[in-house]
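*Asks:* no FASTA, just this:
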């Protein structure tokens, strides 16, 4: 009636119960293969119990799904060495493991969204027991959902992996811009377009002035809290930490529709219609590249025919005075196109301009992120008042709640209160 060990040298399980004999006979050298102990437990619908261990750091069954789905950010690696079996006999043995490709992925982990998805599907349960997180999962059902999710190939993110590929970050830093598809769902975008239209209509009634050629609403989260989710979420946080550091903040955010609206009578010009950068300028100098970044969230399709943003690839390394020279190379001038739900991240030093407005709707969210020591466009503390106190720590952090200078040294000696959010 003693516990016995399975044979695999990397993943050796201590087994007790009716499956002991069968599991201890398994001699597969593939850690997560079809003949592995992991797959045996999945096929026999074992229950997985974790106590005090978060699923995003201890749920090795995800690698079985990753191997079956043949994800591009992992590969099979072989390990050889001397193996001592239960009888004390030494032999040479080679086994494999589906390891992470560090050139493509800095790390993978399950997200809260995916775990809530498992709970909604009734294949996972969670309880708090003496302040410990206790989770129970049906392995067979969870495995099927993981496979389905991994094979969806939603760019660099999906509900399961929340993976950042280094090649995406490299592309942003090299070319100044990168498009990421399927960042948000079409249904989310449809809802946001509706909210944006309603907000625009309400503000127009209140005699807010808009341009006939480009309707812009700054800091839309001050009017509807739904927008908080699209300036601060797990995906954005992961990216901005990688591009900058954990102290990044929001400098500005707005929703824009480059739509010709003949019902608007205004002398206001079309914002961003000339070639420019959004980098900070000090005298004749701009800040170097890779300091601040703009995220464009496409709520509707960006096409060749609806005022898509134009940009010059790789121009974030160029000086402002070189713009005329850059414009001569037509091959470098690109149009930012993509399906709704996609996002584009570009360096604020990249030369770009708004496309020519059309009669077609093209709502989007433009959010500008930078280091904590750069001033935001607006005073978010005064803008939101007491509302800011109800926000999450991460939301308050990006809105400069922890990086606003103190009144004097009797309050505190430093501007950045990193201990509040780290």
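*Replies:* Yep, it's here. From a predicted model like this one, the values you see are computed outputs, not experimental measurements.
*Asks:* Moving C-terminal from the helix-or-strand element of the chain with minimal mean pLDDT, which element do we reach first?
*Replies:* Sorted by mean pLDDT, DSSP states H and E, the helices and strands of the chain end with helix 55-58, the least confident at a mean of 69. Elements were assigned by DSSP states H and E; along the chain past helix 55-58, the next helix or strand is helix 61-69.
*Asks:* okay, the angle between the following helix or strand past that following helix and helix 61-69?
*Replies:* Taking DSSP H and E as the definition, the helix or strand that follows helix 61-69 towards the C-terminus is strand 74-84. Between the axis of strand 74-84 and that of helix 61-69 there is an angle of 120 degrees, by axes from the mean of the first three to the mean of the last three Cα atoms, to 10 degrees.
*Asks:* Any buried residues in the helix or strand following strand 74-84, and which?
*Replies:* Proceeding C-terminally, strand 74-84 gives way to strand 90-100 as the next helix or strand, assigned by DSSP H and E. Of the residues in strand 90-100, those buried by neighbour count under the rule 16 or more other Cβ atoms under 10 Å are 93, 95-98, 100. For glycine as for every other residue, the C-beta is placed from the backbone atoms N, C-alpha and C.
*Asks:* Give me the helices and strands touching strand 90-100, please.
*Replies:* Under the contact criterion of 3 or more Cβ pairs under 8 Å, 6 or more residues apart in numbering; DSSP states H and E, the helices and strands touching strand 90-100 comprise helix 61-69, strand 74-84.
*Asks:* How far does that strand sit from its chain's centre?
*Replies:* Shown here is strand 90-100, whose average C-alpha point lies 34 Å from the average C-alpha point of the whole chain (Cα atoms, centre = their mean, to the nearest Å).
*Asks:* Please enumerate residues in contact with it?
*Replies:* 8-10, 29-33, 63, 66-67, 73-85, 107-108 (Cβ atoms under 8 Å, 6 or more residues apart in numbering).
*Asks:* if we can go back for a sec, looking at the helices and strands packed on strand 90-100, spot the one closest to residue 114.
*Replies:* If you check each of the helices and strands packed on strand 90-100 against residue 114 by Cβ to Cβ, helix 61-69 wins as the nearest, at 9.9 Å.
*Asks:* gap between the closest one and the chain center?
*Replies:* Put simply, helix 61-69 sits 21 Å off its chain's centre (Cα atoms, centre = their mean).
*Asks:* by how many degrees do it and strand 90-100 diverge?
*Replies:* Between the direction of helix 61-69 and that of strand 90-100, the angle (the same axes, to 10 degrees) works out to 80 degrees.
*Asks:* chain center to stretch 84-94: distance?
*Replies:* Taking Cα atoms, centre = their mean, one finds stretch 84-94 lying 45 Å from the centre of the chain it belongs to.
*Asks:* One more: stretch 59-71?
*Replies:* Taking Cα atoms, centre = their mean, one finds stretch 59-71 lying 21 Å from the centre of the chain it belongs to.
*Asks:* Residue 402 touches residue 415, doesn't it?
*Replies:* No: in this structure, residue 402 is not within contact of residue 415 by Cβ atoms under 8 Å, at 9.1 Å.
*Asks:* Once you drop chain neighbours, what's closest to residue 337?
*Replies:* The spatially closest residue to residue 337, leaving aside those adjacent along the chain, is residue 302, at 4.9 Å (Cβ to Cβ, 6 or more residues apart in numbering).
*Asks:* Please name the bridge partners of that neighbour.
*Replies:* Partner residues in beta bridges with residue 302: residue 338, with DSSP bridges as the criterion.
*Asks:* burial measure for it, as a count.
*Replies:* If you count neighbours by other Cβ atoms under 10 Å, residue 302 ends up with 24.
*Asks:* Run through the residues that contact it.
*Replies:* Residues in contact with residue 302 (Cβ under 8 Å, 6+ apart) are 308-309, 336-338, 342, 362, 364.
*Asks:* picking that back up, ok, residue 402 and residue 415, which is more surrounded?
*Replies:* Each of residue 402 and residue 415 has its neighbours counted (other Cβ under 10 Å); residue 402 has more, 20 against 13.
*Asks:* For the helix or strand hosting residue 197, give the mean pLDDT please.
*Replies:* If you go by DSSP H and E, residue 197 is part of helix 186-205. The predicted model assigns helix 186-205 a mean pLDDT of 95.
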